[in-house]
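Novice: need coordinates for the below:
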Amino acid sequence: MLNLIPGRRQARAIVAGLALALLGGAAQATSINFDGLPDGTVLRSRYAGVVLTEAVKGGEVYARTTPASQSPTNVVSVFPGGVPAYGAYFGAVQAVFSAPQRVVSIDAAAMRVPEGLGEPLNRPFLQAFDSSGALLDTVYFQGALPPAGGVTPYETLSYTSGSANIARVLFSVQQSQPGPSVYGYFDNLSFATTVGSGLVRYDDFNSKRWVETFIGTGITTFTKSSKMNMVVAANAAGDPFVGRLDSLCLLRGDFDLSVEYNFPAFQQGSGVRTGLVVPGAGHIERTSGSSHDVGLGGEIYYGAIGGTSLEAVPTGDITGKLRLARVGSAMSAYYSGGKSTAWKLLGTGKVALDDLPFQLQVWSHDPFFDDRKVTVQFDNVTLNSGKLVGPSCPTPTP
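Specialist: You can find the predicted model right below:
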C-alpha cells in the first residue's frame with residue numbers, strides 16, 4: 001500500500017474553478033484537457049513541456065473517456081481500463097516539467113463506491129516539488145466529500161510559488177485517513193512560468209482611485225514606500241470606529257481581487273479587524289480578537305458572503321493576503337499567510353451580479369478594543385482577473 005501524503009499540518013487549499021484566471025494571460029499558460037484521444041491512450045510524452053507518468057513505479061498514465069456528467073470527454077488516470085477514478089492505493093499521476101513553472105493547477109472531483117461505511121476523510125490533493133525533490137506545498141480538495149455512490153463537482157486545486165521553481169507535481173487521493181475509500185477524477189492540467197500579464201495593479205493609493213472615510217475617532221493614515229499605513233491610536237473610540245479606503249472604480253462581472261497586509265508591530269488580542277470588503281456582497285478579515293471580544297476571541301481569519309457568516313479559522317499570521325473572487329453569482333473568500341504562498345478557502349456564498357466597489361478597512365468597537373496602538377499596512381491591491389469600470393481606472397500591467 002502507498003502512503004503518499006504528509007500530515008494535515010501541510011495542507012494548503014484553493015477552490016474556485018478559476019485556474020485560467022489565476023494563471024493570467026492565456027498566451028503564457030499551457031492547459032491540457034486530455035480530450036480528443038481514444039480511451040486508454042498513453043500520455044507519457046504526448047504534450048510539449050511536460051512528461052506524464054505514474055509517480056511511484058514510473059509506469060504509464062492514460063487518457064480515459066468519462067461520462068458527460070463527470071468531465072467530457074477525457075480525464076487522466078493511472079488505469080488503462082475500467083473506472084478512471086483512482087486513489088493513492090493505486091498510485092498518483094506525476095507531471096515533470098521541461099522548465100520550472102510558477103503556477104500549476106488540476107481540476108479534481110471526489111468519488112465513492114456504494115460500499116463502505118463511516119465518514120469519508122481522505123481527500124484529493126495536489127503536491128508540488130522543486131528540482132531537488134523538496135516538497136513546496138500540498139493543496140487539498142476543500143468541498144464536502146460525497147456520500148456512498150456519489151461524485152462531487154470539480155474543484156480547481158492550484159499552487160502558486162513565489163518564483164518559477166516547480167519542477168514537478170503529483171496528484172491523487174489520500175489513503176492516510178480512516179474511513180471509507182475515496183477516489184478521484186482529474187482533468188485540465190494547467191501550468192505557467194509567470195503569474196501572467198493580465199494583472200491590474202491598484203495600489204498607488206492616490207486620490208484619483210481612492211476616497212478616505214473615517215467613522216468615530218482615533219484612526220489616521222499615511223503612505224510610505226508605496227504602502228498604505230492605517231494607525232489606530234490607543235484612545236480610538238466609536239461603536240464602531242473605522243478607517244477606510246473606498247475605491248472609485250467598480251468591479252464588473254467575474255473578478256478576482258487580493259491585497260497584502262502586514263502588522264509592523266504586532267499587538268496580540270488588540271480587538272482590531274483588518275479587512276478586504278466588497279460592500280453589498282461580502283468581506284474577509286484578519287481579526288485580532290481581544291479577551292472581551294464578542295464571540296471572536298483570539299487571532300483568526302473570518303468573514304461573510306451574501307449575509308452569511310463564514311467559519312472562523314485560527315491563525316498566527318502577522319503578514320499575509322486577503323482575497324475575494326466572484327464567478328457568476330458565487331463569491332469566495334480566501335486567505336494566505338506565513339511562509340506559504342498557497343491560498344486557503346474560507347468559504348463561498350451567493351451574491352448579486354451588480355457592478356461593485358471595494359474597500360480596505362481597519363476597524364473595531366469600544367466594547368472590544370483593548371486600548372493599544374495598532375498599525376496596519378496594506379500593499380499590492382491587485383485585480384488578478386476581471387474588469388474595472390469608472391473614471392481613472394487602471395489598465396492591465398504590461
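Novice: for Gly58, pull up the helix or strand it's in.
Specialist: Here Gly58 is covered by no helix or strand, with elements defined by DSSP states H and E.
Novice: and it, its phi and psi?
Specialist: phi 80, psi 20 (degrees, to the nearest 10).
Novice: with Ser226 instead?
Specialist: Dihedral angles (degrees, to the nearest 10) for Ser226: phi 70, psi 20.
Novice: pLDDT score assigned to it?
Specialist: At Ser226, the predicted lDDT confidence score is 75.
Novice: quick check: it touching Asp379?
Specialist: Yes: applying CB atoms under 8 Å as the test, Ser226 and Asp379 come out as touching, 6.9 Å apart. (C-beta placed from N, C-alpha, C; glycine too.)
Novice: who's more crowded, those two?
Specialist: For Ser226 versus Asp379, the count of surrounding residues by other CB atoms under 10 Å is larger for Asp379: 18 against 10.
Novice: so what sits against both of Ser226 and Asp379?
Specialist: Asp203 (CB atoms under 8 Å, 6 or more residues apart in numbering).
Novice: residue ranges with poor pLDDT in the stretch 1-150 of the chain?
Specialist: For the stretch 1-150 of the chain, the stretches flagged by pLDDT under 70 are 1-29, 68-72.
Novice: can you pull out the strands in it?
Specialist: 11-12, 29-32, 41-42, 50-54, 62-65, 74-77, 93-101, 103-111, 124-129, 135-140 (DSSP state E, counting those that start in this stretch).
Novice: ditto for the stretch 151-300 of the chain
Specialist: Using DSSP E, counting those that start in this stretch, strands in the stretch 151-300 of the chain cover 155-160, 166-173, 183-192, 200-201, 210-224, 227-247, 250-262, 273-278, 282-289, 298-305.
Novice: which stretch among those comes nearest Pro146?
Specialist: strand 183-192 (10.0 Å; CB to CB).
Novice: list the buried residues in that closest one.
Specialist: 183-192 (16 or more other CB atoms under 10 Å).
Novice: other SSEs contacting that strand?
Specialist: The criterion is 3 or more CB pairs under 8 Å, 6 or more residues apart in numbering; DSSP states H and E, and the helices and strands that strand 183-192 contacts are helix 19-23, strand 29-32, strand 74-77, strand 93-101, strand 103-111, strand 166-173.
Novice: make JSON lines from the ones you listed and add mean neighbour count and distance to Leu157 to it.
Specialist: Shown next, in JSON lines, are the helices and strands packed on strand 183-192 (neighbours: other CB atoms under 10 Å; distance: least, CB to CB, whole Å):
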{"stretch": "helix 19-23", "mean neighbour count": "23", "distance to Leu157": "9"}
{"stretch": "strand 29-32", "mean neighbour count": "18", "distance to Leu157": "14"}
{"stretch": "strand 74-77", "mean neighbour count": "26", "distance to Leu157": "14"}
{"stretch": "strand 93-101", "mean neighbour count": "19", "distance to Leu157": "12"}
{"stretch": "strand 103-111", "mean neighbour count": "26", "distance to Leu157": "5"}
{"stretch": "strand 166-173", "mean neighbour count": "25", "distance to Leu157": "7"}
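Novice: let me have those in CSV, extended by distance to Gln267.
Specialist: Converted to CSV, the helices and strands packed on strand 183-192 look like this (distance: least, CB to CB, whole Å):
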stretch, distance to Gln267
helix 19-23, 33
strand 29-32, 41
strand 74-77, 49
strand 93-101, 39
strand 103-111, 35
strand 166-173, 37
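Novice: dig out what Phe214 forms beta bridges with.
Specialist: Beta-bridge pairing for Phe214 (DSSP bridges): Gly243.
Novice: got a list of what it touches?
Specialist: Phe214 touches 242-244, counting by CB under 8 Å, 6+ apart.
Novice: swap in Ser98?
Specialist: Per CB under 8 Å, 6+ apart, neighbours of Ser98: 48-51.
Novice: hmm, try it at 7 Å
Specialist: Counting by CB atoms under 7 Å, 6 or more residues apart in numbering, Ser98 makes contact with 49-50.
Novice: what does Arg123 give?
Specialist: Arg123 neighbours (CB under 7 Å, 6+ apart): 110, 140-141, 145, 173-174, 182.
Novice: still on that earlier bit, do you know which of the strands of the stretch 151-300 of the chain lies nearest Val389?
Specialist: strand 250-262 (4.9 Å).
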